[in-house]
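Undergrad: give me a model of this one.
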Amino acid sequence: MRKHHKGVNYAKYGYIFSIPFILGFLVFTLYPLGNTAVLAFTDFSGAASLISGEMNILDDPFENFHMLLFDNQLFWTSITNTFRIWIVNFIPQIVLALLLTAWFTNNRNKIKGQGLFKILFYMPNIITAGSIAVLFGAFFAFPLGPANHVLSLFGADQPFNFTSSPAASRNIISFIQFWMWYGYTMLILIAGVLGINPELYEVAEIDGANGVQKFFFVTLPNLKTILLFTVVTSIVGGITMFDIPWLFNQGGPVNSTTTVSLFIYNLAFTGRLRYNVAAAASILVFIMIAALSVAAFYLLRDKDAAQLKKEERALRRSLKKEMTGVQGNG
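TA: Next up is the predicted model:
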């Protein structure tokens, strides 16, 4: 008599191993998101509300949003600061990353020690934000920091207080963000270039294209997806920027480096503990990130592929109409 061996069902182990992630997601991601969405329409603020846990939906549910958009100048200042810092660091970051990518991926350049260069360029990204803030704080210290020592060598009569200057503070934070992230962006772009079909470059060379032409007419068009990923992640990181502005200068001087994330933090955890207004600001930031991401998707879309899909849809509609007409005549 044959014995039937029961098969082992491995699927259940997959479900078991996914339980910790699901619990973590529910407790630390989904619940805070849902709670924030609810708080934005309530009067939940102050230590008394925190202790009692009581909250009520406002008579005008959008009161917190109205206050932020029309009655809070600091909210708009924080948004302006955020975009100024992000744009000043992102533009040179993506330009330098593209130049380094073209340099490393050009087969004609016999670069020795490429791995070492890539590690050195990427190194700032793995240093903690706290360490970097201390490093740059010491470098631009007043009045005896290295930066002021360099200025004195060039004939400066008086030391310059970088942290008390709004423009200098913003530019330093932009440079820190640029310095931390250009290596990461470079590695992402290099990975994208290595995924391009080498035959495209061979065809370009046969047609007589030089290095610059191959970069602009072969590399960049085939990097649209990677560039889209880079732009969207940079938008998210730039708008939610918090650690460096807070650690370097606590949003000063005179709120010149107060980013929107730092503004939300100050609303929720300092002063009157305005959790409801902070939640409303968080939702507005989410809408802003979503809108900019959609714009990036639209601008960096593959126009040829989109046109092809549009033509395919039109062809299907016309075929469907013809089939409907044939069936009607039959």
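Undergrad: distance of residue 192 relative to residue 232?
TA: Distance of residue 192 to residue 232, computed by C-beta to C-beta, to the nearest Å: 14 Å. The way it works is simple: take the backbone N, C-alpha and C, and place the C-beta from them, glycine included.
Undergrad: repeat for residue 213
TA: Residue 213 is 28 Å from residue 232, by C-beta to C-beta.
Undergrad: and those two? Which one has more around it.
TA: Ranked by neighbour count (other C-beta atoms under 10 Å), residue 213 and residue 232 place residue 232 first, with 17 against 12.
Undergrad: the more buried one and residue 290, how far apart?
TA: According to C-beta to C-beta, residue 232 stands 10 Å off from residue 290.
Undergrad: isn't residue 225 right up against residue 192?
TA: Yes: contact criterion C-beta atoms under 8 Å: residue 225 and residue 192 qualify, at 7.4 Å.
Undergrad: the more surrounded of the two?
TA: Ranked by neighbour count (other C-beta under 10 Å), residue 225 and residue 192 place residue 192 first, with 20 against 13.
Undergrad: secondary structure element for that one?
TA: Using DSSP states H and E, the element containing residue 192 is helix 166-194.
Undergrad: what is that helix packed up against?
TA: Applying 3 or more C-beta pairs under 8 Å, 6 or more residues apart in numbering; DSSP states H and E, one finds that helix 166-194 makes contact with helix 73-105, helix 114-126, helix 129-139, helix 224-239, helix 243-249.
Undergrad: may I see the buried residues of the shortest one?
TA: The neighbour-count check on helix 243-249 (16 or more other C-beta atoms under 10 Å) flags 244-249 as buried.
Undergrad: equivalent analysis for stretch 18-36, please.
TA: So for stretch 18-36, counting by 16+ other C-beta under 10 Å, buried means residue 36.
Undergrad: count the neighbours of the nearest residue to residue 238 once chain neighbours are set aside for me.
TA: Nearest non-adjacent residue to residue 238, counting by C-beta to C-beta, 6 or more residues apart in numbering: residue 86, 3.2 Å away. Other residues lying near residue 86 total 20 when counted by other C-beta under 10 Å.
Undergrad: residue 140 now?
TA: By other C-beta under 10 Å, 20 other residues sit near residue 140.
Undergrad: how near is residue 300 to residue 228?
TA: Distance, residue 300 to residue 228, by C-beta to C-beta: 4 Å.
Undergrad: now swap in residue 47 and tell me
TA: For residue 47 relative to residue 228 (C-beta to C-beta), the value is 45 Å.
Undergrad: looking at those two, which is more packed in?
TA: Higher neighbour count among residue 47 and residue 228: residue 228, with 17 against 9, using other C-beta under 10 Å.
Undergrad: who's in contact with the more buried one?
TA: 296-297, 300 (C-beta atoms under 8 Å, 6 or more residues apart in numbering).
Undergrad: now, those that are in helices?
TA: 296-297 (DSSP state H).
Undergrad: which of the contacts of residue 228 are buried?
TA: 296, 300.
Undergrad: distance between the ends of stretch 97-111?
TA: 17 Å (C-alpha to C-alpha, to the nearest Å).
Undergrad: buried ones in that stretch, by neighbour count?
TA: Buried positions in stretch 97-111, judged by neighbour count with 16+ other C-beta under 10 Å: 97-98, 100-102, 104-105.
Undergrad: repeat that for stretch 110-130.
TA: Neighbour-count burial for stretch 110-130 flags 117-118, 121-122, 124 (criterion: 16+ other C-beta under 10 Å).
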